[in-house]
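coords below, sequence missing:
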């Protein structure tokens, strides 16, 4: 009942919601806007650092693109776990802000040698955990895994956009397709363009990414179910499963589209 009370106190024109499976508790001290905005970047960082890396007290963790929303979330999570967040940013312009956000150390990679800086920070200790919020170095690994194309659904100015991504991808012999999908305003035309691109690489390996892979989870679900006949259960990623109850009307519209409304 606490959730419905807070809703009716703040938005008296809305009815009290009865299905609480569509709600997540807001941590104490956060406004409704902050609670709605914070879950995605923290879910991304939490899954990697807690569920996969199992960061422990005293662990040094390298965090790339630390000034991005996901990078800042990673810094906070590592600190909460008792780890030592070592952040990277391109230049020294954001160094003070990242330190203020909680990083124990910040390396400006265009101004300081990364490996030498890490050796200076770690001393005789080894770095066991690196959280890459950018994915740049992974492009070469994607090429080595025989992918034919990389499709990017993020906006040009997304927090963790990879500078010169198209040039990097092309230099490695892969096709680069950018379909910028505004997170606040996805349309059936965006989905149609995505379907056309995926169809053009039939039987070939395609790597699809965005900012935190929310767009990817929705678009891939629709492509797999509507074009490939995959069941919705199998096409629903863990991220999409978490996101579905919280989707706004724009994304619910995308998820409810039928094939004849797209082609």
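Here it is on my side, so go on. Treat the numbers as computed from the prediction; the structure is a model and nothing was measured. Numbers count the residues shown, from 1 in each chain.

show me where this structure has strands.
Along the chain, the stretches classed as strands by DSSP state E are 60-63, 84-89, 105-108, 129-131, 149-152, 175-178, 206-209.

Excluding covalently adjacent residues, which one is nearest to residue 140?
The shortest distance from residue 140 to any non-neighbouring residue, by Cβ to Cβ, 6 or more residues apart in numbering, is to residue 172 (6.4 Å). C-beta here means a position set from N, CA and C on the backbone, and glycine is covered the same way.

quick one: the residue most central in space within the chain from residue 53, how far?
Centroid-nearest residue in the chain, with Cα atoms, centre = their mean: residue 212, separated by 1.3 Å. Applying Cβ to Cβ, to the nearest Å, the value for residue 212 to residue 53 is 17 Å.

Verify the stated contact: the residue nearest to residue 140 with residue 141.
No - with contact defined as Cβ atoms under 8 Å, residue 172 does not reach residue 141; the gap is 10.1 Å.

neighbour count winner among those two?
Higher neighbour count among residue 172 and residue 141: residue 172, with 15 against 10, using other Cβ atoms under 10 Å.

who touches that one in this structure?
Contacts here follow Cβ atoms under 8 Å, 6 or more residues apart in numbering; on that basis residue 172 touches 139-140, 143.

just the helices in the protein please.
For the chain, helices defined by DSSP state H occupy the ranges 2-10, 32-46, 69-80, 95-100, 114-122, 138-144, 165-171, 188-200, 214-227, 232-235, 238-243, 249-256.

Out of the ones you listed, the one nearest residue 208 is which?
helix 214-227 (5.1 Å; Cβ to Cβ).

Could you tell me the average pLDDT over that closest one, please?
Average pLDDT, helix 214-227: 95.

Show me what counts as buried in it.
For helix 214-227, burial by neighbour count (16 or more other Cβ atoms under 10 Å) applies to 214-226.

CSV for the strands of the chain, including mean neighbour count, mean pLDDT and distance to residue 41?
Shown next, in CSV, are those (neighbours: other Cβ atoms under 10 Å; pLDDT from 0 to 100; distance: least, Cβ to Cβ, whole Å):
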stretch, mean neighbour count, mean pLDDT, distance to residue 41
strand 60-63, 24, 91, 13
strand 84-89, 26, 91, 15
strand 105-108, 21, 92, 19
strand 129-131, 20, 85, 12
strand 149-152, 22, 94, 18
strand 175-178, 17, 93, 22
strand 206-209, 19, 93, 15
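
Cool, thanks, signing off.
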